[in-house]
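Visitor: Fold the following for me, if possible:
(one chain, ligands or ions: 2)
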Amino acid sequence: MFRILVTDKLDAEGVEILKRYKEFDVVEKETLKGDALIQELRGYDAIIVRSETKLTKEVLEASEGLKIIARAGVGVDNIDVPTATKKGIVVVNAPSGNTISTAEYTFAMMIALARKIPFAHASMQQKVWDRKSFKGVELLNKTLGVIGLGRIGTEVAKRAQAFGMKILGYDPYLSEEMATKLGIELASLERIYKESDFITVHTPLTDATRGLIGKKEIEMMKKSVRIINCARGGIIDEAALAEALKSGRIAGAAVDVYSKEPPFDSANPLLDAPNCILAPHLGASTAEAQYNVAIESAEAVANFLLHGMIVNSVNMPSVSKEEFNRLKAFVQLAERLGSVAAQILGNSVSICLLTRSFLKGLFMPFLGDTVNYVNSLPTAQARGVKLEETIDDTPCEYTNLLKIIVKSDKEQLELWGTVYAQVHGKMVNFNNYFFEATPSGNMLLIANDDVPGVVGRVGTILGEKNINIASMHVGRKKETRKALILVAIDQKPEANVIEQLAKVPGVNKVKFLYVE
Ligand SMILES: NC(=O)C1=CN([C@@H]2O[C@H](COP(=O)(O)OP(=O)(O)OC[C@H]3O[C@@H](n4cnc5c(N)ncnc54)[C@H](O)[C@@H]3O)[C@@H](O)[C@H]2O)C=CC1
Ligand SMILES: O=C(O)C(=O)COP(=O)(O)O
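Guide: Numbers count the residues shown, from 1 in each chain. Ligands and ions are numbered 1, 2, ... in the order given. Okay, the predicted model is just below:
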């Protein structure tokens, strides 16, 4: 039975999906904070949150048994992802379910700003019929600066085109070709600040985007500019924006998100800034978006807990269901080869999903269960392991081949594996000894001279000790007259058996291996 905690308000359909599984115990709680969250979280396998629950370093460090955090939305800045990764907790989000809602909302903000609708509404509520104070501007032929051209930014740009706006865009990760296709002119931030009539930000909050627009940037802008932030509080410096509004340096702003939410106890200067539309983080608050993200998150949690399948992870490579099924045998094989390498080389190794699987296998014999698919890569990096991954399409004698080369201070090990019929993972090369074996369970790896009698004597000794041989594979190098025998056995042999085998004439080395 897996325990799943749902905090923040998740659409009922998402909760229903999870409750349909007999394997899940689903508990719904209001948004929890601090100690209450720490206490409650103990013993849960999964948690589903929106933006209100803060899964801080302290909360995650105190958690026990948590395997997956699902964010029913895009931004994961309420989750300490590095701590989750260190603890081996998969973090997934629901990246596309609220894109349209947030893009439409940004547009609603832009038009409301251009036509001063909320201010006119407030005046009407005061029973003032004022037709002079609320003269606005058209969007036609105006320049819109879009900073961050991901899912939401590009949808905003598409809508702006329909309104006849010119779009200047900035996103270090968007190619010129793609921008042109989208009808966006890529421009420097400086040009966007200088030429735009409206500026909207759609980036995540990162060290690079925190305070992206501050006093200096506002100084470059037109006096008539209107600024919109439906992305994350803190991308635009709140004090600088409030000051620009109060001094009339800019025409207006629309803000949905704040550096601290709710912003009331932090005396946010935007609260009493003029010409500023404020909303309580509503970009994704539509029936459609909430339905979409709840289903995406519930399915991600179910697929992970029941099948180990990872989709939309922000700290693990994601694979689709089809890809996962195709890769399953490779993942297992890579992990097993990693385990073989670790036991051969010892733990002084200096050196996609398969790499992580291999690394998991490589570190498990020394670090035990603390290492998993999520933290195997950071574990390797923290130990100074150098990694190189290459994909080679050149045809070879195998339909697929996983080649792994591990270098330690003292030696180098080359392992090859292949998967047959999408399920049977075989090790086919061990340091240029070719054979075909399943690296699993109790095994003896015997390096010997390629002379008659060795295999027989090994079999006799094991038989005398009542150790059953499950399979035996021999790889030979004719040029050096050396051989390698991999013997799968039903139980772990005593140390004296290994000593006895090592004394067999022609045997040079015997190593016991155990692979899950
Ligand atoms: N107000 C609300 O309720 C909602 C807010 N959001 C927020 O909107 C933002 C955008 O979401 P999506 O478009 O779904 O994300 P996305 O990941 O599709 O797009 C973000 C874009 O920002 C770009 N970017 C990153 N660093 C940048 C930098 N330094 N300068 C310029 N561009 C940079 C990335 O290349 C990417 O293209 C996120 O912060 C998300 O949390 C999303 C949904 C609802
Ligand atoms: O998806 C996002 O990034 C959002 O900001 C939406 O937040 P919410 O789920 O409405 O608390």
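
Visitor: do you know how far residue 176 is from residue 160?
Guide: For residue 176, the distance to residue 160 equals 19 Å [C-beta to C-beta, to the nearest Å]. (Glycine included, C-beta is placed from N, CA and C.)

Visitor: which residue sits closest to residue 41 in space, ignoring its chain neighbours?
Guide: residue 63 (5.1 Å; C-beta to C-beta, 6 or more residues apart in numbering).

Visitor: quick one on the thing from earlier: compare residue 176 and residue 160 (neighbour count), which wins?
Guide: residue 160 (25 against 10; other C-beta atoms under 10 Å).

Visitor: With adjacent residues omitted, what lies nearest to the more buried one?
Guide: Using C-beta to C-beta, 6+ apart, the nearest residue to residue 160 is residue 144, at 4.8 Å.

Visitor: Are we agreed that the one you found is in a strand?
Guide: Yes: per DSSP: H, G, I helix; E, B strand; the rest coil, residue 144 lies within a strand segment.

Visitor: so what pLDDT did it get?
Guide: Residue 144 carries a pLDDT value of 98.

Visitor: picking up where we left off before, could you double-check that the residue nearest to residue 41 sits in contact with residue 39?
Guide: No: if you go by C-beta atoms under 8 Å, residue 63 and residue 39 don't touch, sitting 10.8 Å apart.

Visitor: Same drill for these two, tell me which one is more crowded.
Guide: residue 63 (22 against 10).

Visitor: Tell me how far the residue nearest to residue 41 lies from ligand 2.
Guide: 21 Å (C-beta to the nearest ligand atom, to the nearest Å).

Visitor: quick one, what contacts that residue?
Guide: Residue 63 makes contacts with 38, 41, 42, 44, 87, 89, as judged by C-beta atoms under 8 Å, 6 or more residues apart in numbering.

Visitor: Might one say that the second one is in contact with residue 62?
Guide: Meaning residue 41. Yes: using C-beta under 8 Å, residue 41 is in contact with residue 62, at 7.4 Å.

Visitor: what about the two, which has more around it?
Guide: Counting neighbours by other C-beta under 10 Å for residue 41 and for residue 62 shows that residue 41 has the greater number, 21 against 15.

Visitor: got a list of what the more buried one touches?
Guide: Residue 41 sits in contact with 5, 47, 59, 62, 63, 66, where contact means C-beta under 8 Å, 6+ apart.

Visitor: Check those and tell me the two furthest apart.
Guide: The most widely separated members of these, counting by C-beta to C-beta, are 5 and 62 (14.1 Å).

Visitor: Need the nearest residue in space to the residue in the stretch 201-350 of the chain positioned nearest to ligand 2, chain neighbours excluded.
Guide: Per C-beta to the nearest ligand atom, residue 284 is where the stretch 201-350 of the chain lies closest to ligand 2, at 3.7 Å. In space, residue 284 comes closest to residue 98 once its chain neighbours are excluded; the distance is 3.7 Å by C-beta to C-beta, 6+ apart.

Visitor: ok, now residue 190?
Guide: In space, residue 190 is closest to residue 220, 6.5 Å off (C-beta to C-beta, 6+ apart).

Visitor: before we move on, what about residue 138?
Guide: Here the residue nearest residue 138, using C-beta to C-beta, 6+ apart, is residue 114, at 7.3 Å.

Visitor: Can you tell me the element that neighbour falls in?
Guide: Element membership for residue 114, per DSSP states H and E: helix 99-115.

Visitor: hang on, residue 161 in a strand?
Guide: No: going by three-state DSSP, the assignment for residue 161 is helix, not a strand.

Visitor: could you measure the closest residue to it other than its chain neighbours against ligand 2, distance?
Guide: Among residues not flanking residue 161 along the chain, residue 183 sits closest, at 5.2 Å (C-beta to C-beta, 6+ apart). When distance is defined by C-beta to the nearest ligand atom, residue 183 is 25 Å away from ligand 2.

Visitor: if we can go back for a sec, three-state assignment of the residue of the stretch 201-350 of the chain closest to ligand 2?
Guide: Per three-state DSSP, residue 284 ends up coil.

Visitor: That one reaches residue 294, doesn't it?
Guide: No: here residue 284 lies out of contact with residue 294, judged by C-beta under 8 Å, at a distance of 11.0 Å.

Visitor: which one of those two has more residues nearby?
Guide: residue 294 (28 against 25).

Visitor: Let me see the confidence value for the most centrally placed residue in the chain.
Guide: When C-alpha atoms, centre = their mean is applied to the chain, the residue found nearest the centroid is residue 314 (1.8 Å). As predicted, residue 314 sits at a pLDDT of 84.

Visitor: Numbering from 299 from now on, please.
Guide: All set: I'll call the first residue 299, so the last point we hit is now residue 612.

Visitor: For residue 369, see how far away it is.
Guide: In terms of C-beta to C-beta, residue 612 sits 8 Å off from residue 369.

Visitor: any common contacting residues for those two?
Guide: Shared contacts of residue 612 and residue 369, defined by C-beta under 8 Å, 6+ apart, comprise 389, 390, 391.

Visitor: Was I right to think residue 394 contacts residue 450?
Guide: No: between residue 394 and residue 450 there is no contact under C-beta under 8 Å: 10.0 Å.

Visitor: Which residue, other than its chain neighbours, is closest to the residue in the stretch 699-814 of the chain that ligand 2 sits nearest to?
Guide: Closest residue of the stretch 699-814 of the chain to ligand 2, C-beta to the nearest ligand atom: residue 720 (36.5 Å). Distance criterion C-beta to C-beta, 6+ apart; nearest residue to residue 720, sequence neighbours excluded, is residue 627 at 6.0 Å.

Visitor: So the one you found, which state does it fall into?
Guide: helix.

Visitor: Which pLDDT value goes with it?
Guide: 78.

Visitor: chain center to the strand or helix carrying residue 758, what's the gap?
Guide: Element membership for residue 758 (DSSP H and E) is helix 752-762. The chain centroid and the centroid of helix 752-762 are separated by 50 Å under C-alpha atoms, centre = their mean, to the nearest Å.

Visitor: Stretch 506-526 now?
Guide: Worked out by C-alpha atoms, centre = their mean, stretch 506-526 lies 31 Å from the chain centre.
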